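Chemist: Next comes the sequence, and after it the predicted model I'd like to discuss.
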Amino acid sequence: MSEARIVGDVVVAVDFSDRTDDVLAEGLALAAASGGVLHLLHVAAGEPILAGYDKEQINPFTRDARAGELTDEHRQLRELAAGLADRGVEVRPLVVVGPTAQRILEAAEHLGASHVVIGSHGHGGLHHLLVGSVAEEVVRHAAVPVVLVPVRGR
């Protein structure tokens, strides 16, 4: 009978915030411990619900502008992955578009991950009540262990 691996491939969800380094460090440690692949995942926002509305600026939304943003996010993720090349872990970058928690869960299942690593931004109770928490939704619905990396220095 073959020996089961405690940790295998790891999905590490990054949002390019100041939390990214801490989340990456935790994911790298898990993947390195098992020789698994680190799937570096960025969930990009989809198109705004209202055509012509962009929450960042009051400008007409165009598909070209969004395509440029997605290209930039993918480049940023590839650069992040390239920076991890000397860590002894295979890193595969992946950008997906859509609802963040749902896409993280789908990626973990599709990639056969043994763990998911995400940051917890530590927003207050009112924010959580009104908006909810990606981390909480992932933890609640994940079929594999989820490692939450807490906010430091706040």
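Modeler: Cool, the structure landed. In this text the structure is predicted, and so the values were computed from the model without any measurement. Numbering: from 1, shown residues only.
Chemist: which residues of the chain score low on pLDDT?
Modeler: 1-7, 47-61, 121-132, 151-154 (pLDDT under 70).
Chemist: Please enumerate the strands of it.
Modeler: Listed in chain order, the strands of the chain (DSSP state E) span 10-13, 38-44, 91-97, 115-119, 146-149.
Chemist: Please convert the ones you listed to JSON lines, extending it with distance to residue 80.
Modeler: For glycine as for every other residue, the C-beta is placed from the backbone atoms N, C-alpha and C. Listed next are the strands of the chain as JSON lines, based on distance: least, CB to CB, whole Å:
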{"stretch": "strand 10-13", "distance to residue 80": "10"}
{"stretch": "strand 38-44", "distance to residue 80": "6"}
{"stretch": "strand 91-97", "distance to residue 80": "7"}
{"stretch": "strand 115-119", "distance to residue 80": "14"}
{"stretch": "strand 146-149", "distance to residue 80": "16"}
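Chemist: Contact partners for the closest residue to residue 84 other than its chain neighbours?
Modeler: Among residues not flanking residue 84 along the chain, residue 91 sits closest, at 4.8 Å (CB to CB, 6 or more residues apart in numbering). If you count contacts by CB atoms under 8 Å, 6 or more residues apart in numbering, residue 91 has them with 37, 38, 40, 81, 84, 85.
Chemist: again, but for residue 116
Modeler: So residue 116 contacts 10, 11, 12, 13, 104, 108, 138, 142, 144, 145, 146, 147 (CB under 8 Å, 6+ apart).
Chemist: And the second one, how far from residue 23?
Modeler: Computed as CB to CB, to the nearest Å, the residue 11 to residue 23 distance reads 11 Å.
Chemist: where do the contact lists of those two overlap?
Modeler: Shared contacts of residue 11 and residue 23 (CB under 8 Å, 6+ apart): residue 117.
Chemist: What's the PyMOL syntax to select whichever of the contacts of residue 91 are buried?
Modeler: To isolate the buried ones among these in PyMOL, judged by 16 or more other CB atoms under 10 Å, type:
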select buried, resi 37+38+40+81+84
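Chemist: Output the contacts of residue 91 as JSON lines; include the columns distance to residue 115.
Modeler: Shown next, in JSON lines, are the contacts of residue 91 (distance: CB to CB, whole Å):
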{"residue": "37", "distance to residue 115": "12"}
{"residue": "38", "distance to residue 115": "10"}
{"residue": "40", "distance to residue 115": "14"}
{"residue": "81", "distance to residue 115": "18"}
{"residue": "84", "distance to residue 115": "17"}
{"residue": "85", "distance to residue 115": "21"}
